[in-house]
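> Predicted model and sequence follow; I will ask about them next.
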Amino acid sequence: MILMDINRVTLVGRLTRDPERTTIRPGHAVTRFGLATNQRSRAKDGEEPQEWVEFHSVSLWGTLGEKAEKYLRRGKRVLVEGRLHYYAPPKTGDDERPRAEIVGDTLVLLDPKPVAPAEGQGKA
């Protein structure tokens, strides 16, 4: 029997900001955006259920990132699957803890219609 390690994340939520594309080096670009997911606790006897929001950072590489930049906007609902990745942020202050982001490899648009491309990006 072969045992495998698994690092898999599935999130369904809404974009907190428009996707931003950055070129790391020629031929390698990454698109990043924020994703908010809502959580709700079960109500105990006589108590109201608690509700809160979790915020996640998502990065998409290559053509998947291009599609996200083209069709996604703040507030749109999506499903993102990928892996959890920790990285050390640049040393700019007191908070130098590792940060987490989801490196997505699957993106599903859940709103009925994708938005039109932003001005200057051409036709879909």
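Noted; the coordinates are in hand. Numbers count the residues shown, from 1 in each chain.

> give me phi/psi at Thr63?
Phi and psi for Thr63, reported as degrees, to the nearest 10, are phi -70, psi -30.

> So that it lines up with my notes, have the first residue be 4 from now on.
With the count now opening at 4, the last piece we talked about shows up as Thr66.

> gap between it and Ile27?
Per CB to CB, to the nearest Å, Thr66 is found 15 Å from Ile27. To be clear about C-beta, it is placed using only N, CA and C from the backbone, and glycine gets the same treatment.

> Any stretches of this structure with poor pLDDT?
Applying pLDDT under 70 to the chain flags the ranges 95-98, 116-127.

> So the residue located most distally from the centre of it, which state does it fall into?
Of all residues in the chain, Gly49 has its C-alpha farthest from the mean position, at 36.1 Å, by CA atoms, centre = their mean. Assigned state for Gly49: coil (three-state reduction, DSSP: H, G, I helix; E, B strand; the rest coil).

> Now for the residue nearest to Leu113 when sequence neighbours are not counted, how many residues are close by?
Among residues not flanking Leu113 along the chain, Arg80 sits closest, at 4.2 Å (CB to CB, 6 or more residues apart in numbering). Arg80 has 15 neighbours, counted by other CB atoms under 10 Å.

> all helices for the chain, in order.
Secondary structure of the chain by DSSP state H: the helices cover 65-74.

> so who does the residue nearest to Thr26 when sequence neighbours are not counted touch?
Using CB to CB, 6+ apart and skipping residues adjacent in sequence, the residue nearest Thr26 is Ala32, 4.7 Å away. By CB atoms under 8 Å, 6 or more residues apart in numbering, the contact list for Ala32 reads Arg24, Thr25, Thr26, Trp64, Gly65, Gly68, Glu69.

> so how far is the longest strand along the chain off the chain centroid?
Identified as the longest strand of the chain according to DSSP state E is strand 31-43. Its chain's C-alpha centre and that of strand 31-43 lie 2 Å apart, by CA atoms, centre = their mean, to the nearest Å.

> What strands line up against that strand, and which way round?
Applying DSSP bridges to the sheet, strand 31-43 is found paired with strand 12-18 (antiparallel), strand 23-28 (antiparallel), strand 54-64 (antiparallel).
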